[in-house]
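Participant: what follows is a predicted structure for the sequence shown.
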Amino acid sequence: MVSRDGKSLGPGPKRFADTTHSVLQLFTEILVDEAEQSGGKLDVQEIRELFDSYQSTISGLDVIYQKAWDQAIALWLQSQWDRARTQVVERLLVNSFDRALAPRGAEAPPPGKLSRRIVPAFITALQTMLGEDEINAAQECARLIVNRLKDTARGDFDWQVVYDDDEAVDLVTDLLIAIAGRFDDMPKRINWFINVVDSNLGPPTPGGADATWYFDEAEFHILFAAMFEDLRAILDTDNGEASISARHGPRAVRNLRDFIRHLDGRRRELST
């Protein structure tokens, strides 16, 4: 669809244009039916009465509005995933807990899984927690990694290659250690993180099956258990611990172990 000046509408405006067209078309059909029944004539008052009746009684409007809302949600969700794909740091970190996300197309998160509504909220919390300078520095490193791998791939590029790349793994490790370092006051920071994420969840998926889903402490531990699972495995090997210590110092290793120990203990408390 194009605008009056001949320019193509973007996907968002097109959704509104389609909805407007459907509403006008439905009202036009009503006018035509009434005009045919009255011999082809309708006066001003009759048209106004038809419009009032149209607004209050036509069930077809509810269907049109719901369809427009579902399409708007789907478009917004897609824009968030597109952003995560173009912002490499966000993509790398979301991939670190992808195993905890509900399957694509799921009506609602199954037990032990997180709604995909969490993705934009997590990105908001990440940016607030680490700050613009640290995120931008990591973003530049991530872009260099992707560019290097794209040059090597020669057109046969796959994001899994990025996730498996040693330099990318090191970058994710650096970011996770930075995140863990922000939890020096664990109870206070956990509450802060929960509030930020729950206040910034994406809209429900079309159909609204996850409309009542919320992010609380149980969901926090599902997220962080998945996000730190690979780093925990690295830390539990002699070479992995030595590598982290050489890169970040022995204190970072101790802090990371304390962080994971606290998470494990609190998760056990919640499960009893």
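Facilitator: Received, thanks.
Participant: for the rest of this, base every contact and every neighbour count on C-alpha atoms.
Facilitator: Fine.
Participant: would you confirm that residue 108 contacts residue 115?
Facilitator: Yes. Using CA atoms under 8 Å, residue 108 is in contact with residue 115, at 7.0 Å.
Participant: joint contacts of the two?
Facilitator: By CA atoms under 8 Å, 6 or more residues apart in numbering, residue 108 and residue 115 have these common neighbours: 102, 210.
Participant: comparing those two, which residue is more hemmed in?
Facilitator: Each of residue 108 and residue 115 has its neighbours counted (other CA atoms under 10 Å); residue 115 has more, 26 against 22.
Participant: residues contacting the more buried one?
Facilitator: Going by CA under 8 Å, 6+ apart, residue 115 touches 101, 102, 108, 109, 210, 213.
Participant: phi first, then psi, for the closest residue to the third one other than its chain neighbours.
Facilitator: Using CA to CA, 6 or more residues apart in numbering and skipping residues adjacent in sequence, the residue nearest residue 108 is residue 210, 4.9 Å away. In terms of degrees, to the nearest 10, the main-chain angles of residue 210 are phi -110, psi 20.
Participant: so residue 210 makes contact with residue 204?
Facilitator: Yes. Between residue 210 and residue 204 there is a contact under CA under 8 Å: 5.6 Å.
Participant: between the two, which is the more surrounded one?
Facilitator: With neighbours defined as other CA under 10 Å, residue 210 and residue 204 compare such that residue 204 has more, 21 against 18.
Participant: the more buried one and residue 116, how far apart?
Facilitator: From residue 204 across to residue 116, the span is 9 Å (CA to CA, to the nearest Å).
Participant: what does residue 272 give?
Facilitator: Separation of residue 272 from residue 116 (CA to CA): 27 Å.
Participant: work out for me the element the residue nearest the centre of the chain sits within.
Facilitator: Nearest to the geometric centre of the chain sits residue 119, at 2.8 Å (CA atoms, centre = their mean). Using DSSP states H and E, residue 119 sits in helix 118-130.
Participant: many thanks, we can stop here.
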